[in-house]
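Undergrad: Sequence below, structure please.
(chains A and B)
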Amino acid sequence: MTDRGKKPQRRPARVVREQMARERRRKRTLWTSVGAVLVLVVAGLIGWAVSASQDAGDFTPPGGANSDGTGIVLGSGPVNIDVYEDFICPICRQFEQQAGGTLDQLIAQGKVRVTYHPVAFLNRFSSTEYSTRSSAASGCAAQSGKFREYAKALFDRQPPEGSAGLNDDELVNVATSVGLAGDSFAACVRENTFEKWTEHVTEEASRAGVNGTPTVLVAGKQVQASAEAITAAVAAAG
Amino acid sequence: MIVTERNTAGARGLGANRWMVARPWLATAARLGLAAVWLVAGGSKIGDLAASGRAVNAYQIFPYDLSVVIGAALPFVEIALGLILLVGLATRLAAGISAFLLVIFIAGIASAWARGLSIDCGCFGSGGDLAAGKDPTYGTEVLRDLGFLVLAGFLLVWPRTPISMDAALSRNTGEGDSDD
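TA: Presented below is the predicted three-dimensional model:
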């Protein structure tokens, strides 16, 4: 009798214990899930905040820039050409060697108006953000009206990807070699005067749908980055 | 006859036993492997958030400003997800979110492929247009992500691992062994 009375009592007790364990487990799963989701959401918000704080903000374009401040203009011909280059991009260097002369000619013949956009897409390929520093330095050269000469000299002295890039002294030396006088240029480079401008140039290039370098647009349409393709497109547009 | 039967039954029991012993450790390997994938993926992008935004923009799916926000948030979310998996908190949910993200990434790469874009997927840093003459490697990228998806799938089905926050918490509340 006593045995039969005890057994049914024990069973419900175990069922209750199991139910309580299930409840605890359910609560634990709920709270760990809420915690994990919270961590992920906060992480995402931090990323957003960091990127918002890095926004270009106010910038001063150098002399020779277009009205939007997105590039340096050479020539005043009827056909617009946009050239997007990064000073550490090896294919941009090849492009300069292959097509740079052709562009100079087209400008000299009064056929085209070329806007050079020195973007900083490839900062991860140098340990000193060479893309940004060299582009800002090219702004210093533009200020003195020697953007093109300086840009060519920078491509001639292009550091390899994965290196530290040229340091500020070397950037100044390159300028001296194309006849840019010392002190004001050196100060412009060392104070990163046009860094904000470079960020603006880079951001607006991305906004315009440019995702790589070199990118060449003739009359707003992308063409192959070669002398032949540019000449043909200019002839077609003119 | 009887002996043989007993042996097969014994062998089968042993096989199942082995699986039960190996499973938590396979799950541990999957968890740590997936954690490493997220930590490396996030870590390779977090140093240059602008580049990460450009990599997203290169897919030409979102407007530029939205791409920038996604590109900035993604590395932080990836690292957080990696850390959550590393400590083993809410493993099944973390595996589910991992699978969800991977499916989106695969869809993005497939869409770039289908539209004939020539971009780097930007999965582990880099991203953007490929240089002229360079062929995209969408197939490899999709296969790699499918491999990661298998890890996430394993954890979705068998999330329990012996050394994890989940296990520690369940011991604390005295729940004993059970799958959840």
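Undergrad: residues in chain A within reach of chain B, list them.
TA: A:21, A:24-25, A:28-29, A:32-33, A:35-37, A:39-40, A:42-48, A:50-52, A:54, A:91, A:121, A:123-124, A:199, A:202-203, A:206-207, A:209, A:211-212, A:215, A:224-225 (Cβ under 8 Å from any Cβ of the partner chain). All C-beta atoms are positioned from the backbone trio N, CA, C, and that covers glycine.
Undergrad: Please work out which residues outside stretch B:102-118 touch it.
TA: B:58-61, B:119, B:121, B:123, B:129-130, B:134-136, B:138, B:141-142, B:145-146, B:148-149, B:152 (Cβ atoms under 8 Å, 6 or more residues apart in numbering or on different chains).
Undergrad: PyMOL command for the buried members of the residues of chain A next to chain B?
TA: Buried residues within the residues of chain A next to chain B, by 16 or more other Cβ atoms under 10 Å in any protein chain shown, are selected in PyMOL with:
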select buried, chain A and resi 21+24+25+28+29+32+33+36+39+40+43+44+47+48+51+91+121+123+124+199+202+203+206+211+212+215+225
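Undergrad: So which of the residues of chain A next to chain B belong to helices?
TA: A:21, A:24-25, A:28-29, A:32-33, A:35-37, A:39-40, A:42-48, A:50-52, A:91, A:199, A:202-203, A:206-207 (DSSP state H).
Undergrad: Show the contacting residues for residue 123.
TA: Just going to use chain A. Neighbours of residue A:123 in contact, by Cβ under 8 Å, 6+ apart: A:129, A:130, A:131, A:132, B:48, B:51.
Undergrad: Actually, chain B is the one I wanted.
TA: By Cβ under 8 Å, 6+ apart, the neighbours of residue B:123 are B:41, B:105, B:141, B:144, B:145.
Undergrad: Please, which helix or strand holds the nearest residue to the first one once chain neighbours are set aside?
TA: Leaving out its chain neighbours, the residue that sits closest to residue B:41 by Cβ to Cβ, 6 or more residues apart in numbering or on different chains is residue B:78, at 5.0 Å. Secondary structure here is read from DSSP states H and E; on that basis residue B:78 sits in helix B:64-87.
Undergrad: list the helices and strands that helix packs on?
TA: Other elements packing on helix B:64-87 under the criterion 3 or more Cβ pairs under 8 Å, 6 or more residues apart in numbering or on different chains; DSSP states H and E are helix A:2-53, helix B:2-46, helix B:49-57, helix B:91-114.
Undergrad: So which of the ones you listed has the densest surroundings on average?
TA: Highest mean neighbour count of these: helix B:49-57, a mean of 25 (counted as mean count of other Cβ atoms under 10 Å in any protein chain shown).
Undergrad: and it, C-alpha only, in PDB?
TA: The C-alpha atoms that make up helix B:49-57 are tabulated as PDB, following Å, rounded to 0.1, in the frame of the first residue of the first chain:
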ATOM      1  CA  LEU B  49      36.400  51.000 -44.100                       C
ATOM      2  CA  ALA B  50      36.300  53.300 -47.100                       C
ATOM      3  CA  ALA B  51      37.700  50.500 -49.200                       C
ATOM      4  CA  SER B  52      35.200  48.100 -47.700                       C
ATOM      5  CA  GLY B  53      32.400  50.400 -48.800                       C
ATOM      6  CA  ARG B  54      33.900  50.600 -52.300                       C
ATOM      7  CA  ALA B  55      34.000  46.800 -52.500                       C
ATOM      8  CA  VAL B  56      30.300  46.700 -51.700                       C
ATOM      9  CA  ASN B  57      29.700  49.500 -54.200                       C
END
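Undergrad: Contacts (any at all) between chain A and it?
TA: Yes: on the criterion Cβ under 8 Å from any Cβ, helix B:49-57 is in touch with chain A at B:49, B:50, B:51, B:53, B:54, B:57.
Undergrad: And the contacts of residue A:123, which is closest to residue B:83?
TA: residue B:48 (20.8 Å; Cβ to Cβ).
Undergrad: Can you pull the phi/psi pair for the closest one?
TA: phi -140, psi 80 (degrees, to the nearest 10).
Undergrad: Any figure for the gap between residue A:153 and chain B?
TA: Separation of residue A:153 from chain B (Cβ to the nearest Cβ, to the nearest Å) stands at 23 Å.
Undergrad: Contacts only, for that residue.
TA: Contacts of residue A:153 (Cβ under 8 Å, 6+ apart): A:174, A:175, A:177, A:178.
Undergrad: Name the nearest residue to whichever residue of chain B sits closest to chain A, ignoring sequence neighbours.
TA: In chain B, the residue that lies nearest chain A is residue B:129 (2.7 Å; Cβ to the nearest Cβ). Excluding the flanking residues, the one nearest residue B:129 by Cβ to Cβ, 6+ apart is residue A:212, at 2.7 Å.
Undergrad: Tell me the buried residues in the helix holding residue B:78?
TA: B:64, B:67-87.
Undergrad: Report the distance from the helix or strand bottoming out on mean pLDDT in chain B to the chain centre.
TA: When the helices and strands of chain B are compared on mean pLDDT, DSSP states H and E, strand B:128-129 comes out lowest with a mean of 79. In terms of Cα atoms, centre = their mean, to the nearest Å, the centre of strand B:128-129 is set 24 Å apart from its chain centre.
Undergrad: Strand partners (parallel or antiparallel) of it?
TA: Each strand paired with strand B:128-129, and its direction, by DSSP bridges: strand B:119-120 (antiparallel).
Undergrad: And the contacts of the partner strand?
TA: Residues contacting strand B:119-120 (Cβ under 8 Å, 6+ apart): A:211, B:55, B:58, B:59, B:112, B:126, B:127, B:128, B:129, B:130, B:136.
Undergrad: mind checking pLDDT for residue A:5?
TA: Confidence at residue A:5, expressed as pLDDT, is 48.
Undergrad: same question, residue A:2
TA: The confidence metric pLDDT takes the value 47 at residue A:2.
Undergrad: what do you get for residue A:193?
TA: 92.
Undergrad: Likewise for residue B:173?
TA: Predicted confidence (pLDDT) for residue B:173: 68.
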